[in-house]
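[1] Give me a 3D structure for the following:
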Amino acid sequence: MTKKTLIITKSEKENCNLTLWCLFVTVALALTLIGLLGCRPKSVKRVDRSHANTVPKQFEQLTRRIDFSEIDFGFPANPQLSRKQAEDDLDELERLLENRYSYLKLKGVDYKAALDSIRLSLGDGIKRISFGYQLTKFIALFGDGHSRVASPSVHLRSLCSGFLPFLIEESHGRLVAFKPDRSSFVDPNFPFMRVLDGMPIDSWLQAAGRFVARGSPQFLRCNSIRNLRYIDCLRKELGLDNSRSVRVEMESADGLQTRKIELPLAKECPIYGFWPRPETEIKNLEDIRVESRILPQNIGYLRIIASLNEPEFLDDLVEVMNQFNDTDGLIIDIRSNGGGNRAPLRALFPFFMAGNEPPRIVNVAAYRLGTRNRRKAFEGRYLYPASSSHFFQTERATVARFVTTFRPEWVPPPGAFSQWHYFVISPSKDKRYYYYDKPVVILMDRRNFSACDIFLGAFKGWKNVTLMGQPSGGGSGCRESYRLYNSQINIYLSSMASFRPNGKLYDGNGIQPDVVIEPIPTDFIGKTDSILQAAIQRLHKQG
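    As a prediction, the model looks like this:
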């Protein structure tokens with residue numbers, strides 16, 4: 001057979017490359033168009049009802065129209081919505097609330113009147129950012145910390161061109177002002193703040209709280225204080241003039257003296273970050289490590305900065321616990337941990353169960369029917385129905401007995417929710433596990449939320465365990481994401497009603513510590529850690 005050589009000229013090669021490039025561009029454009037069309041539904045489901053023509057007094061704050069024209073969001077982020085477009089999005093949101101939202105009926109919010117109040121403020125139309133600003137305050141009414149307007153361009157931080165030049169925390173009912181790097185107080189001789197721009201701090205907190213879910217008192221208080229950073233936005237909410245500086249009245253520790261100072265606003269938002277400060281700098285989740293050491297008097301110390309489910313992180317927890325086998329007591333520090341995954345609880349709790357210990361139910365929940373992928377989401381939270389093959393025989397028996405006595409403080413509307421699901425933990429048969437029977441103190445604070453609420457709820461009342469610090473935030477919602485059709489504003493709505501075994505909701509309650517301890521001012525700047533010292537002293541007395 002004679003070999004034939006195929007010769008391609010330079011011109012033919014260029015034409016071939018051009019053809020392939022055109023084909024690539026055509027396919028890319030087609031895929032992009034399909035993606036864009038796919039993310040916008042063919043038909044949007046909305047409510048259709050008559051609407052009120054008056055604004056109830058309790059919803060007047062929802063109608064406030066704020067002008068953010070001095071901030072350049074760019075056209076894509078802040079287009080003008082026509083009145084009809086905004087009305088349609090309100091009707092779409094109402095339908096989502098009625099058919100997808102788990103906590104719609106929890107607090108008895110007259111959501112129809114609230115939405116109608118926003119409708120009456122629309123005029124001929126509204127900017128997307130201003131619309132999202134109003135929706136943020138609306139969703140906060142339900143008291144659910146997992147549900148919110150999630151679009152970053154609508155967050156208070158994005159609506160400010162200037163910020164308070166310091167951070168604020170609370171100590172025994174007084175607000176402490178300190179530098180963002182936590183090197184010192186704003187004024188060492190006058191560490192407490194009482195007045196901003198000539199207005200009492202309580203008035204600022206009231207305005208800041210309009211953007212916070214009205215859940216537990218501690219959740220509302222903590223996040224309202226943190227919202228004070230966004231002074232540009234809060235001045236608009238309060239109807240105050242804008243300024244590039246802020247006037248602050250400070251107070252001495254004994255409360256007998258005050259000092260007035262004026263400071264320039266910061267161009268960048270001050271960040272709270274993790275506190276107490278971690279051993280290593282954390283810039284992203286990959287930097288988070290399990291912190292552990294042996295303290296004086298042979299006390300183990302375990303710091304869980306964030307609740308992760310990576311295998312390496314969980315293996316480190318187990319390994320660290322084995323290093324504490326011969327300690328005389330243990331401190332588990334979860335302060336400033338805002339939640340994440342339940343896996344650390346599942347990895348740790350069996351260390352505190354004797355081998356013959358019966359299974360422990362730590363969470364009972366039901367999901368809103370009609371929400372997407374809830375079964376998978378529940379399995380990711382270790383929640384299963386009573387008949388699930390996932391349970392061991394002893395666990396099924398425990399659930400069967402528990403069902404006969406479980407009485408939730410709030411009964412989800414019949415026909416709108418799934419059957420009950422249960423998170424159950426049993427002693428581990430893994431050879432790496434042992435029974436830690438020494439005294440344990442868990443340090444907690446108001447930043448603990450979501451998976452950390454479940455963590456604390458599991459240990460609450462458990463033998464040899466003392467919860468110490470401040471009440472946790474209180475939240476367990478399994479949120480789902482939705483995007484309103486016209487404004488493209490992203491909304492998070494909880495899909496789960498979640499309870500402690502005693503019937504108490506996590507939302508609106510949180511977990512109360514066994515020993516309440518408030519931080520002292522110097523704790524916020526790293527000069528002291530009075531909470532940790534109190535835990536060490538307690539374990540020393542018990543030893």
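[2] okay, CA-based contacts and neighbour counts for the rest of this
    Fine.
[3] and after the worst-scoring helix or strand of the chain on mean pLDDT, which helix or strand comes next?
    The least trusted helix or strand in the chain, going by mean pLDDT, DSSP states H and E, turns out to be helix 10-39, with a mean of 42. Using DSSP states H and E, the helix or strand that follows helix 10-39 towards the C-terminus is strand 80-82.
[4] In the helix or strand following that next one, which residues are buried?
    With elements assigned by DSSP H and E, the helix or strand that comes after strand 80-82 is helix 83-100. Across helix 83-100, burial judged by 16 or more other CA atoms under 10 Å covers 83, 85-97, 99-100.
[5] Closest one to residue 375 out of the residues you listed, please.
    residue 100 (14.8 Å; CA to CA).
[6] Now do the same contact list for the closest one.
    Residue 100 makes contact with 368, 369, 370, 371, 493, 495 under the criterion CA atoms under 8 Å, 6 or more residues apart in numbering.
[7] Please name the spatially closest residue to the fourth one (chain neighbours excluded).
    Yep, that's residue 371 we're talking about. Spatially, and ignoring its direct neighbours in sequence, residue 371 is nearest to residue 100 (5.9 Å; CA to CA, 6 or more residues apart in numbering).
[8] Same question for the last one.
    Excluding its sequence neighbours, the residue lying closest to residue 495 (CA to CA, 6+ apart) is residue 102, at 4.8 Å.
[9] Could you check how far the one you found is from residue 63?
    Separation of residue 102 from residue 63 (CA to CA, to the nearest Å) stands at 26 Å.
[10] Same question for residue 209.
    From residue 209 to residue 63 the distance is 16 Å (CA to CA).
[11] quick one: residue 97 and residue 399, what's the gap?
    Residue 97 is 31 Å from residue 399, by CA to CA.
[12] quick one: the helices in the stretch 101-250 of the chain?
    Ranges of helices in the stretch 101-250 of the chain, per DSSP state H, counting those that start in this stretch, are 111-120, 128-140, 201-208, 217-227, 231-238.
[13] how about these in CSV, adding mean neighbour count?
    Listed next are the helices of the stretch 101-250 of the chain as CSV, based on neighbours: other CA atoms under 10 Å:
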stretch, mean neighbour count
helix 111-120, 20
helix 128-140, 23
helix 201-208, 18
helix 217-227, 21
helix 231-238, 20
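[14] Quick one: closest of those to residue 263.
    Taking CA to CA, helix 231-238 is the member of the helices of the stretch 101-250 of the chain nearest to residue 263, at 12.6 Å.
[15] Run through the neighbouring helices and strands of that closest one.
    In terms of contacts (3 or more CA pairs under 8 Å, 6 or more residues apart in numbering; DSSP states H and E), helix 231-238 is packed against helix 201-208.
[16] Quick one: residues in contact with the helix it packs on.
    Residues contacting helix 201-208 (CA under 8 Å, 6+ apart): 193, 194, 195, 196, 224, 225, 227, 228, 234, 237, 238.
[17] what do you get for stretch 55-70?
    Stretch 55-70 has contacts (CA under 8 Å, 6+ apart) with 113-114, 116-118, 120-121, 129-130, 134-135, 137-138, 159, 236-237.
[18] for stretch 460-468, same thing?
    437-444, 456, 459, 511, 513-517, 531, 535.
[19] Let me see the ranges of the strands in the stretch 201-350 of the chain.
    Ranges of strands within the stretch 201-350 of the chain are 245-251, 258-264, 291-295, 299-303, 329-333, based on DSSP state E, counting those that start in this stretch.
[20] Pick the most buried one from these.
    Neighbour counts (mean count of other CA atoms under 10 Å) averaged over each of the strands of the stretch 201-350 of the chain peak at strand 329-333, with a mean of 23.
[21] Thank you, goodbye.
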